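Asker: 3D, please:
(2 chains)
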Amino acid sequence: SQQGEEDPQALSIQEGENATMNCSYKTSINNLQWYRQNSGRGLVHLILIRSNEREKHSGRLRVTLDTSKKSSSLLITASRAADTASYFCARGGNQFYFGTGTSLTVIP
Amino acid sequence: SQTIHQWPATLVQPVGSPLSLECTVEGTSNPNLYWYRQAAGRGLQLLFYSVGIGQISSEVPQNLSASRPQDRQFILSSKKLLLSDSGFYLCAWVDRQVMNTEAFFGQGTRLTVV
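Answerer: Presented below is the predicted three-dimensional model:
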């Protein structure tokens, strides 16, 4: 990708389990953002973490950032079938590069 | 409130035909504007971004071009489509007046070149 990779590429879990997705990026950042995409739709912003932050929470979402390793993780707790979607990380800035995405399937 | 409009939602075009996809933003001024392409099951590839009228930066050499004739209008064009231009095209905007802010996306155009 132009600026980063997510892993795993695909993740399948049972409803109620936690889902963890990782993102690595290549250059310095001002912020790191996570987005969700339902099939065939535009992306929706989930959460933004600034470069001077290490962890951030929003509802069932928890994001961590390790700038020394140039990596971030998104944790979705107590997953639901409606969480099934693709998740992307993005480096904020003029060029707004996105990673390759993780396809999450939550099985009811 | 701000909204972004992108059309058409789907498009089937023959090889060699021209292309024009339009994206407009309402409720904000002087946004950064972006065009992305997404192949099936893949990530988003940044094609073009613009920080102002007439200012276009191209990320990837390709068969496409972009223009920004007005502050809130961003157009993606091609003179002659190739099969490889098929994909899901997404427009997005960012409020450049705000530090550390998110991108807002249109609903996308699915282009099939036949």
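
Asker: Can you tell me the centre-most residue of chain B?
Answerer: residue B:35 (2.9 Å; C-alpha atoms, centre = their mean).

Asker: Counting neighbours, what do you get for residue A:91?
Answerer: 24 (other C-beta atoms under 10 Å in any protein chain shown). Every residue, glycine included, has its C-beta placed from N, CA and C.

Asker: Could you list the paired strands of the lowest-mean-pLDDT helix or strand in chain A along with their orientation?
Answerer: None of the helices or strands of chain A scores lower by mean pLDDT, DSSP states H and E than strand A:4-7, at a mean of 81. Using DSSP bridges, strand A:4-7 pairs in its sheet with strand A:19-25 (antiparallel).

Asker: can I get the CA coordinates of the partner strand in CSV?
Answerer: Extracted in CSV, the C-alpha atoms of strand A:19-25 (Å, rounded to 0.1, in the frame of the first residue of the first chain):
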residue,chain,number,x,y,z
ALA,A,19,-11.5,-8.5,17.6
THR,A,20,-8.0,-7.0,17.3
MET,A,21,-6.6,-5.5,14.2
ASN,A,22,-3.1,-4.1,13.7
CYS,A,23,-1.8,-1.4,11.5
SER,A,24,1.8,-0.5,10.6
TYR,A,25,2.9,2.6,8.9
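
Asker: after it, next one along is what?
Answerer: Next helix or strand after strand A:19-25 toward the C-terminus (DSSP states H and E): strand A:31-37.

Asker: Tell me the strands beside that next one, with direction?
Answerer: Applying DSSP bridges, one finds strand A:31-37 paired with strand A:43-50 (antiparallel), strand A:85-91 (antiparallel).

Asker: Next one: residue A:80 from residue A:106, what distance?
Answerer: 6 Å (C-beta to C-beta, to the nearest Å).

Asker: tell me, what's touching those two both at once?
Answerer: residue A:15 (C-beta atoms under 8 Å, 6 or more residues apart in numbering or on different chains).

Asker: Neighbour count: those two, which is higher?
Answerer: More crowded of residue A:80 and residue A:106, by other C-beta under 10 Å: residue A:106, with 20 against 12.

Asker: so what's the more buried one bridging to?
Answerer: residue A:13.

Asker: how about the residues of chain B near chain A?
Answerer: B:6, B:32, B:34, B:36, B:41-46, B:49, B:51, B:57, B:59, B:88, B:90, B:92, B:94, B:99-108, B:110 (C-beta under 8 Å from any C-beta of the partner chain).

Asker: try 6 Å
Answerer: B:34, B:43-44, B:46, B:90, B:100, B:102-103, B:105-108 (C-beta under 6 Å from any C-beta of the partner chain).

Asker: wouldn't residue B:100 be in contact with residue A:31 here?
Answerer: Yes. Taking C-beta atoms under 6 Å as the definition, residue B:100 is a contact partner of residue A:31 at 4.7 Å.
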